[in-house]
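> fold the stuff below for me.
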Amino acid sequence: MRILVTGAGGLVGTHYINYSQRTHNFICPDETEMDITNPVQVENYISETSPKCIINFAAYTDTKNAETQRNDKDGTVWKTNVGGVNNLAKICKKKGIFLIQISTDLIFPGKSSPAEMYYENENYSSDYKKISWYGITKLEGETALIKSNGDSTIVRIAYPFAGPAHTKKDVLHTIFHLYNTNSLYPMFADNTITPTYINDLSESLDKIIEGHRTGVFHVASHKPVSHFDFAGYLLEKSGRDVSILKPGSLKEFSQKSGIPRPLYINLNTEYTENTLNVKFGTWKENIDDALTKLSF
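Numbering: from 1, shown residues only. Predicted coordinates for the structure are as follows:
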C-alpha cells in the first residue's frame, strides 16, 4: 500500500519504517516538502502523491519548551499539534484517505492511584490545569480529528523505546547514555507509566492498516512501572551497577518546574489487543527483547 508518513525522520517514525518497509510503499516528505502547518502545501503534496493512507508521527514533543507557549494558539506547539492535524484531517476527508494519528498518554490528567488504568474509550477531561501544554495540544489534535468525521484512527503511546538507536534518544537509550557518562540523575519512584515497545506499535499499525481499523487504540507494555524500577531492571539486565541509581520524586519535580506532570498515567490495552489480534509484552519482556537488538 502507498502510505505517506509525516515525521518519518523522528524516533518512532524511523523505527516503524525500518520495521515495515518491506510491506508498504512509503512516501516520507521532510518539512521543506510538506509542512503540516501549511494547509496549501499539505493539499498540494497529497494531491501530487495520492497516498491511500497517512500516518501522522509529526508533532512538537518537547514538553519543557512547550510549556513556555502555554495558552498561545499562535505558537509552534499549537500550530503543529492541533493545526497540523486539522489540516491533514480536512484533506483526508476531502480525498477519502485513511488517516492514522499518533497520540500520547499525556492527554490525561492522571488517576488517583497506581493501579488505575485509562481505557481506549475514556472520556476526555476538561481539567486542563493538570495537563501539560504539550498534552493539551495533543488532546485538541485528537478532538480536531474526531470532529472532522473522516476515515481515521487514533493510536496512543507512552514513552516509546526500541533496541536500535536513533539520534533522538528514547527512554532506554537515555538511561544508558546517562549511566555511561556518569551523569545518571535520580529516577522518579513515585509514578507509574506503561511504556510503548516500538515493535509492538509497528505490528499494531500494520494490523490497523491491513484491517482498515478505525477508532482509538492503545499500544503499551503490560503492568505499570515507575521510571526508577524501569531503569533499575534495565541496568541490572544489561550487567551494569544498579547501586548508583537513586530514587527521585515526580511530584517534587512537577512542583519545582511548574509543568503539570500526573503521577499515574497507565494505558489499558485489552480492547486493542483483542480487536487487532495482537499480544503485547510486559515492560520487562519488552526490555529483554530490546536488549537483544541493542545498538548505539
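
> all strands of the protein, in order?
Applying DSSP state E to the chain gives strands spanning 2-6, 25-27, 53-56, 98-104, 152-157, 187-188, 215-218, 247-248.

> what's around the residue nearest to Thr214 when sequence neighbours are not counted, how many residues?
Nearest residue to Thr214, sequence neighbours excluded (C-beta to C-beta, 6 or more residues apart in numbering): Thr153, at 5.2 Å. In short, each C-beta sits where N, CA and C put it, glycine included. Number of residues near Thr153 (other C-beta atoms under 10 Å) recorded here: 21.

> what's near enough to touch Thr153?
With contact set as C-beta atoms under 8 Å, 6 or more residues apart in numbering, Thr153 has these partners: 98-101, 208, 213-217.

> give me the buried subset of the residues you listed.
Among the contacts of Thr153, those buried by neighbour count (16 or more other C-beta atoms under 10 Å) are 98-101, 208, 213, 216-217.

> can you tell me how far the residue of the chain positioned farthest from its centre sits from His218?
Residue farthest from the centre of the chain, counting by C-alpha atoms, centre = their mean, is Ser243 at 30.5 Å. Noted for Ser243: a distance of 35 Å to His218, by C-beta to C-beta, to the nearest Å.

> swap in Ile136?
Separation of Ile136 from His218 (C-beta to C-beta): 19 Å.

> quick one, which of these two is more surrounded?
More neighbours surround His218 than the other of Ile136 and His218, with 28 against 21 (other C-beta under 10 Å).

> so in terms of bridging, what pairs with the nearest residue to the more buried one once chain neighbours are set aside?
Setting aside the residues directly before and after it, His218 is nearest to Leu267 in space (C-beta to C-beta, 6+ apart), at 4.2 Å. Counting by DSSP bridges, Leu267 forms beta bridges with Tyr118.

> quick one, what contacts Leu267?
Shown in contact with Leu267 (C-beta under 8 Å, 6+ apart): 105, 117-118, 156, 158, 194, 218-220.

> 10 Å instead?
Contact partners of Leu267, counting by C-beta atoms under 10 Å, 6 or more residues apart in numbering, are 104-105, 108, 117-120, 122, 156-158, 193-196, 217-221, 224.

> what subset of the residues you listed is buried?
Listed as buried from those are 104-105, 108, 117-118, 120, 156-158, 193-196, 217-221, 224; burial here means 16+ other C-beta under 10 Å.

> show me the contacts for the closest residue to Ala59 other than its chain neighbours.
Excluding its sequence neighbours, the residue lying closest to Ala59 (C-beta to C-beta, 6+ apart) is Asn81, at 5.5 Å. Applying C-beta under 10 Å, 6+ apart to Asn81 gives the contacts 36-37, 58-61, 66, 103-104, 133-142, 144.

> how far away is Asn81 from Thr104?
To Thr104, Asn81 is 10 Å away according to C-beta to C-beta.

> overlap in contacts of these two?
Applying C-beta under 10 Å, 6+ apart, one finds that Asn81 and Thr104 are jointly contacted by 59, 61, 134-135, 137-139, 141-142.
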